[in-house]
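Asker: the following block contains a protein sequence and its predicted model.
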Amino acid sequence: MSDALSRRFIAAQEIVKNASEIALQMRPSPGGPQGSLKHAQDWLTETDGKIETYISKAIQSLFPEDGFQGEEKGKTRSGSLRWIVDPIDGTSNYARGRNRWCISLGLMEENVPTLGIIAAPCVNEFYTARLGKGAFMNEKPIHVSDVKDPKISMIELGWSHVSKIDEFLKNAEAILKTGAMIRTLGSGTMSLVDVASGRLDGHFEMAINLWDVAAALVLLKEAGACISPFLENGGLHQMTPILTAAPGISDILSKTLHMSLS
């Protein structure tokens, strides 16, 4: 890794840790959702905007030549190195005081995911990955599961406001017929992280955004996951399906959901 990327990797970890403290301080108490609806079941909290602004300004002060793109304000700066942030992934969980949410910050060099930092502070987990350098949780290496039998596998089936109910149910039925167990837990990024760490054997979502996956793509690749061509299929510019799986069940999931994996 070049010195320039190494400096960014170190700085970004500190920035995300600081952002995590802000998010924890602002976290709502358990109960009904606190925030506003952008779409059906798609929540926005005050924390989302505050975290995105904090990360954007912190990176700009250190690396003013870098581009920046966030979920809330979009692409605000351009550069061959571009940071992509999801300030709170799993906002519907965060807004109810639940634990399954994270802060995701990825760096792309041109269109190649290069660095990924993901913090899940409620469960004290901090994920990092550098292209070609491995994937880690709390500084310990992680790897995808070695599960080969779908009948003992666990698959996350993501849902969002753009998901069509009939397609979701069709995909759920197809996965269940393989013998797999399905989960739907409300954070696409955390589900991808769970595939990378072996807690899940696969994750499929019919439509997901770049900011949800930019950091996780590096983590998945370095952890040995098979991944659909998300970026090549349009993920740089629009919501796009994603499938990722442990190698042992990648073929059956690919055939079941009609998506290629590499």
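Answerer: Alright, I've got the coordinates.

Asker: show me where pLDDT drops low in this protein?
Answerer: Scanning the chain with the threshold set as pLDDT under 70 gives 1, 32-44.

Asker: 90 instead?
Answerer: Applying pLDDT under 90 to the chain flags residues 1-2, 28-46, 72-75, 92, 159-164.

Asker: which helix is the longest one in it?
Answerer: Taking DSSP state H as the criterion, the chain has its longest helix at helix 3-26.

Asker: in that one, what's buried?
Answerer: 5, 8, 9, 12, 13, 15, 16, 19, 20, 22, 23 (16 or more other CB atoms under 10 Å). Using the backbone N, CA and C atoms, a C-beta is placed for each residue, glycine as well.

Asker: other SSEs contacting it?
Answerer: helix 46-62, strand 81-89, strand 102-109, strand 112-120, strand 125-130 (3 or more CB pairs under 8 Å, 6 or more residues apart in numbering; DSSP states H and E).

Asker: got a markdown table for those, with mean neighbour count and distance to residue 222 too?
Answerer: Below are those laid out as a markdown table (neighbours: other CB atoms under 10 Å; distance: least, CB to CB, whole Å):
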| stretch | mean neighbour count | distance to residue 222 |
| --- | --- | --- |
| helix 46-62 | 18 | 22 |
| strand 81-89 | 27 | 17 |
| strand 102-109 | 26 | 13 |
| strand 112-120 | 24 | 8 |
| strand 125-130 | 22 | 5 |
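
Asker: please tell me how far the closest residue to residue 58 other than its chain neighbours sits from residue 239.
Answerer: Distances taken as CB to CB, 6 or more residues apart in numbering put residue 15 closest to residue 58, at 4.7 Å, once the chain neighbours are dropped. For residue 15, the distance to residue 239 (CB to CB, to the nearest Å) stands at 27 Å.

Asker: do the same with residue 211
Answerer: Residue 211 sits 11 Å away from residue 239, going by CB to CB.

Asker: and these two? which has more neighbours close in?
Answerer: residue 211 (22 against 16; other CB atoms under 10 Å).

Asker: you'd agree the more buried one is up against residue 71?
Answerer: Yes - using CB atoms under 8 Å, residue 211 is in contact with residue 71, at 4.6 Å.

Asker: overlap of the contact sets of these two?
Answerer: 85, 86 (CB atoms under 8 Å, 6 or more residues apart in numbering).

Asker: for the residue most central in space within the chain, give me phi and psi.
Answerer: Nearest to the geometric centre of the chain sits residue 189, at 2.4 Å (CA atoms, centre = their mean). With angles defined as degrees, to the nearest 10, residue 189 sits at phi -60, psi -40.
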